[in-house]
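Engineer: give me the fold of what follows.
(one chain, ligands or ions: 1)
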Amino acid sequence: MKWIKEELNRLKEGNLYRSLRALTSPQNKEITINGKKLINFSSNDYLGLAKEFHQECGKWGSGSGASRLVCGNFEIHEKLENKLAKLKKTESALLFPSGYMANVGVISTLAGEGDVIFSDELNHASIIDGCRLSKAKIIVYPHKDVDTLEHLLSRERKNYRRSLIVTDSVFSMDGDIAPLDKLFKLKNEYDSILIIDDAHATGVVGWSSFELFSLIPDETTIIIGTCGKALGTLGAFVCGSSLLREYLINKCRTFIYTTALPPFIACQTLKNLEKVPERMKKLQSNIEFFKNLTGINSQSAIFPFLVEDEKSALTLSRHLYENGFFVPAIRPPTVKKSRLRISITSEHTKEEMEQLYKLLNGD
Ligand SMILES: *Cc1c(COP(=O)(O)O)cnc(C)c1O
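Structural biologist: The predicted model follows:
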């Protein structure tokens, strides 16, 4: 196993080595690591809901006991699914234990040999893995470049049976938003299915990224949201037609062959949803404030602070840490260009955002 040590050493030399840090506090705006209190500008808990715990949900106990299709399907799962479908304006929704599993499962269930998938180059790793698992032809298009995508569709679409266009709505490392109106049009013109990953949009830019474009999902639109980010719990939901839901229940391997989300998590997610509208307003006003303060052009709660290289990302992150702020360095292969990824939440105060900005500028 010498090669493992050698590979790890290579990562260390390239400033690409990763290690875990353990929190001794609950997830919150302020966290404790190694006895040190830090203002947290790194979590996806955009609405500060991860720390919520509703006593009433305790009646469900801790586990689900089986997969949904065996005896792990609870009424509260379906109640949450109905609620989420309404929020995304689709006919139905299906819960998965995580967003990773939802993406991998949905993409590899809907596309196979003889099909084609058009995928934005900055899509999340779980989308990339879903594409690979599907055995379909994968065509990666330049980031948000709808003209090139149209060119590729006109050249390639006819050579394949089914076609999927897949994109993050809010991109997870840059915070920018895909041109969903144009993608929706291309989907219709080229007889394709549009799959939208709303992980960083749900509860941040609205209930759904489609609201930003006044779009209503139709039967060839699928929107995948996650509960682990703004909604503060765990799990994901695939929103689309009832026919799609029925098909996934019968065919999707990451739905069928895995233990259901514990019902107390579904219960807590329903409780958290009640708090979303008010906190989303606060979040959006914080985003506006931070955008004006820093001049970083983001359309979401994610603000990339680009730095020269891996080493400067680590150095700046350490400088912030020593001054009581937690913003980890994001490096290749997660991104091409190293950066600090700042995430703003509804819980941050103006003073905290100002302090962070000063530190970023070397004060
Ligand atoms: C976090 C994330 C996922 C995965 O969701 P999990 O529930 O954490 O597995 C999928 N897509 C995007 C864009 C994400 O940021």
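Engineer: contacting residues for the residue of the chain found nearest the ligand?
Structural biologist: Closest to the ligand within the chain is residue 99: 2.2 Å, counting by C-beta to the nearest ligand atom. The way it works is simple: take the backbone N, C-alpha and C, and place the C-beta from them, glycine included. Contacts for residue 99 (C-beta atoms under 8 Å, 6 or more residues apart in numbering) come out as 126, 197, 199, 224, 226, 228, 236.
Engineer: isn't residue 192 right next to residue 165, touching?
Structural biologist: Yes: assessed by C-beta atoms under 8 Å, residue 192 is found in contact with residue 165 at 5.2 Å.
Engineer: overlap in contacts, these two.
Structural biologist: Here residue 192 and residue 165 share the contacting residues 118, 186, scored by C-beta under 8 Å, 6+ apart.
Engineer: can you pull up the most central residue in this protein?
Structural biologist: residue 199 (3.0 Å; C-alpha atoms, centre = their mean).
Engineer: that one against residue 173, yeah?
Structural biologist: No: when contacts are counted by C-beta under 8 Å, residue 199 is not listed as touching residue 173 (11.9 Å).
Engineer: let's have the contacts of residue 99 in JSON lines, adding secondary structure and distance to the ligand.
Structural biologist: Output for the contacts of residue 99, formatted as JSON lines (DSSP: H, G, I helix; E, B strand; the rest coil; distance: C-beta to the nearest ligand atom, whole Å):
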{"residue": "126", "secondary structure": "helix", "distance to the ligand": "5"}
{"residue": "197", "secondary structure": "strand", "distance to the ligand": "5"}
{"residue": "199", "secondary structure": "coil", "distance to the ligand": "3"}
{"residue": "224", "secondary structure": "strand", "distance to the ligand": "8"}
{"residue": "226", "secondary structure": "strand", "distance to the ligand": "4"}
{"residue": "228", "secondary structure": "coil", "distance to the ligand": "4"}
{"residue": "236", "secondary structure": "strand", "distance to the ligand": "5"}
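Engineer: and the residue nearest to the centre of the chain, how close does it get to residue 315?
Structural biologist: Separation of residue 199 from residue 315 (C-beta to C-beta, to the nearest Å): 30 Å.
Engineer: for residue 99, what are phi and psi?
Structural biologist: Main-chain dihedrals, residue 99, degrees, to the nearest 10: phi -70, psi -40.
Engineer: so for it, what's the pLDDT?
Structural biologist: pLDDT, residue 99: 98.
Engineer: ditto for residue 16
Structural biologist: Residue-level pLDDT assigned to residue 16 equals 89.
Engineer: equivalent analysis for residue 318, please.
Structural biologist: pLDDT at residue 318 comes out at 95.
Engineer: that one: neighbouring residues, count only.
Structural biologist: 11 (other C-beta atoms under 10 Å).
Engineer: what's the helix or strand for it?
Structural biologist: helix 310-322 (DSSP states H and E).
Engineer: now do that helix: which elements does it pack against?
Structural biologist: Helix 310-322 is packed against strand 329-330, strand 339-343, helix 350-360, with contacts defined by 3 or more C-beta pairs under 8 Å, 6 or more residues apart in numbering; DSSP states H and E.
Engineer: any idea how far the first one is from the chain center?
Structural biologist: In this view, strand 329-330 has its centroid 17 Å away from the chain centroid, taken as C-alpha atoms, centre = their mean, to the nearest Å.
Engineer: same thing with the last one?
Structural biologist: On the basis of C-alpha atoms, centre = their mean, helix 350-360 sits 26 Å off its chain's mean C-alpha point.
Engineer: angle of that helix against strand 339-343?
Structural biologist: If you take axes from the mean of the first three to the mean of the last three C-alpha atoms, to 10 degrees, helix 350-360 sits at 180 degrees to strand 339-343.
Engineer: let's have the contacts of residue 99 in CSV, adding distance to residue 87 and pLDDT.
Structural biologist: Shown next, in CSV, are the contacts of residue 99 (distance: C-beta to C-beta, whole Å; pLDDT from 0 to 100):
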residue, distance to residue 87, pLDDT
126, 22, 98
197, 16, 98
199, 15, 98
224, 13, 98
226, 13, 98
228, 16, 98
236, 14, 98
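Engineer: quick one: these as TSV, columns for distance to residue 81 too.
Structural biologist: Listed next are these as TSV, based on distance: C-beta to C-beta, whole Å:
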residue	distance to residue 81
126	20
197	18
199	18
224	13
226	14
228	17
236	11
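Engineer: tell me the one among these nearest to residue 69.
Structural biologist: Within these, proximity to residue 69 (C-beta to C-beta) peaks at residue 236, which comes in at 17.6 Å.
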